[in-house]
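Q: Got a sequence here, can you model it:
(4 chains)
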2 protein chains.
Amino acid sequence: MTERRPFQRETEDRRRDDLIAAALDLLAEGGPQAATVRAISARAGVTAGLIRHYFASKDALMRAAFGVFMQRMTAQAAAALQGAPNDPAMRLARFIVASVSAPVVDALAVGLWAGFLHETRRDPEMRAVHAASYLGFRDQLQALIADLPQRSTALDARRAAIACNSIIDGLWMEGSLLPEAFAAGEVIEIALISAGAVLGVDLWAAHETDRNMR
Amino acid sequence: MTERRPFQRETEDRRRDDLIAAALDLLAEGGPQAATVRAISARAGVTAGLIRHYFASKDALMRAAFGVFMQRMTAQAAAALQGAPNDPAMRLARFIVASVSAPVVDALAVGLWAGFLHETRRDPEMRAVHAASYLGFRDQLQALIADLPQRSTALDARRAAIACNSIIDGLWMEGSLLPEAFAAGEVIEIALISAGAVLGVDLWAAHETDRNMR
DNA sequence: GGCCTTATTATACAATTGTGTAATAAGGCC
DNA sequence: GGCCTTATTACACAATTGTATAATAAGGCC
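A: Residues are numbered from 1 along each chain as shown, chains lettered A, B, ... in the order given. Next up, the predicted model:
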């Protein structure tokens, strides 16, 4: 009488990835309320029980998803330095550009970030992952700034890094929340000019030179 | 046999305010999951049913709470301009200082903001309130910048406002998330020096002068 | 001091949540 | 092609959610 739903067996990695992707999608779109086990499994094309077959609990799934999210957020900026020229200003410009470009900045990113915020505060493991990638990002930024041969002395390296990080974070927030309010490339331009002004270095020129060299 | 819990009658305003305050507290601390009708009413010292006596629904309560939150966030910056000197740089400095000071910036503010984000996206009424106060803030900022007699021409007024707003937003985020990472007044100093560098105006000096005049 | 309005509590209810367990069929292996 | 592992579905369950309704007592008014 009850005809069972047909299915295909998939590899463990594939199913985990699908479930994590579905969880991230739903959390980004509708917040924690929307990321229920049933919604996640439906989005992933499976039934609810399967989540507990691949993850010890829903929280474990969310932890895994958070790790993927954090990695996605920082990977782009780190990758931008690979194969970059030696000129410190160009390196910094590349780092900043990567930090305010897609997919770091898009309409769903800030939703995801907000959705994870409170879970991050609750769960010690997630808090550790978050702190590590956040401070890692700021340290990279500070190192790039310290390498600049001549920069404004209005702010020491630490405060300069905080200021640049704020510009990046603020533009990330605005660009993600109101993507339609910015023309193509405008966020990049504002980021480079602003950070350049704070540091007393023409990052926009460095960016242009770098781009023409490629 | 069942002895009813004793209670005192309160004014309508008092109860509404208490319920809104409880809702904001819980949302800030634990996100949407924590702000249940039972938790809110318990925090406010009443029973769950009373919420629906003062608000048409839980959503209506959250809408009211969001209005209070938005007002609290913008009121401080607006109030900073009342009785301010005429010098445009001093006025802008006051505005920025107020925007990165408590209670706008504190550990709970960003939690509240994150907690409201998705509800803001769902509810058209909340979205309207949010857009109005956000754009109102940026317009005020842009007007203050446009009043500056001589400023850097690297960015037009609109982009300069976006850049300054990003600095404020970014510092708000970092200062709220990691309040222990900053010394007293440090956020203010970074904000003024950074925004000043972007605009080519010494906002820090204006701030100091203004402070000594008072 | 008794009455009357209504603020407040108490209780019930259907819907939804995460989780636990049993049934089943998909597909690799021989 | 049949068997066997186990990935997958199906179902059940207690807890929690927002909401609806009825019972009750607080306290102002005469």
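Q: Would you mind listing the outside residues contacting stretch A:19-28?
A: With contact meaning C-beta atoms under 8 Å, 6 or more residues apart in numbering or on different chains, stretch A:19-28 is reached by A:34-35, A:39-41, A:43-44, A:46, A:50-51, A:54-55, A:61-62, A:64-65, A:68-69, A:108-109, A:111-112, A:115-116. The way it works is simple: take the backbone N, C-alpha and C, and place the C-beta from them, glycine included.
Q: Is that stretch positioned near DNA strand C?
A: No - if you take C-beta under 7 Å from any atom of the strand as the test, stretch A:19-28 misses DNA strand C, and the best it gets is 9.9 Å.
Q: That stretch and DNA strand D in contact?
A: No - residues of stretch A:19-28 are not located near DNA strand D by C-beta under 7 Å from any atom of the strand, the shortest gap being 9.5 Å.
Q: what's the average pLDDT for that stretch?
A: The average pLDDT within stretch A:19-28 is 98.
Q: Can you give me the buried ones in that stretch?
A: The neighbour-count check on stretch A:19-28 (16 or more other C-beta atoms under 10 Å in any protein chain shown) flags A:Leu19, A:Ile20, A:Ala22, A:Ala23, A:Leu24, A:Asp25, A:Leu26, A:Leu27, A:Ala28 as buried.
Q: Return the subset of those residues lying in helices.
A: Those of the buried residues of stretch A:19-28 mapping onto helices are A:Leu19, A:Ile20, A:Ala22, A:Ala23, A:Leu24, A:Asp25, A:Leu26, A:Leu27, A:Ala28, per DSSP state H.
Q: Return the closest of these with respect to DNA strand D.
A: The shortest approach to DNA strand D among those belongs to A:Leu19, at 9.5 Å (C-beta to the nearest atom of the strand).
Q: Look up how far chain B lies from that closest one.
A: The gap separating A:Leu19 from chain B is 20 Å, by C-beta to the nearest C-beta, to the nearest Å.
Q: before we move on, back to that, now restrict the contacts of stretch A:19-28 to buried residues only.
A: A:34-35, A:39-41, A:43-44, A:46, A:50-51, A:54-55, A:61-62, A:64-65, A:69, A:109, A:111-112, A:115-116.
Q: which of those come close to DNA strand C?
A: Answer for those near DNA strand C (C-beta under 7 Å from any atom of the strand): A:Ala35, A:Ala39, A:Ile51.
Q: can you tell me which of these are up against DNA strand D?
A: Checking these against DNA strand D by C-beta under 7 Å from any atom of the strand, not one of them is in range.
Q: Ramachandran coordinates for A:Arg9?
A: Phi and psi for A:Arg9, reported as degrees, to the nearest 10, are phi -80, psi 140.
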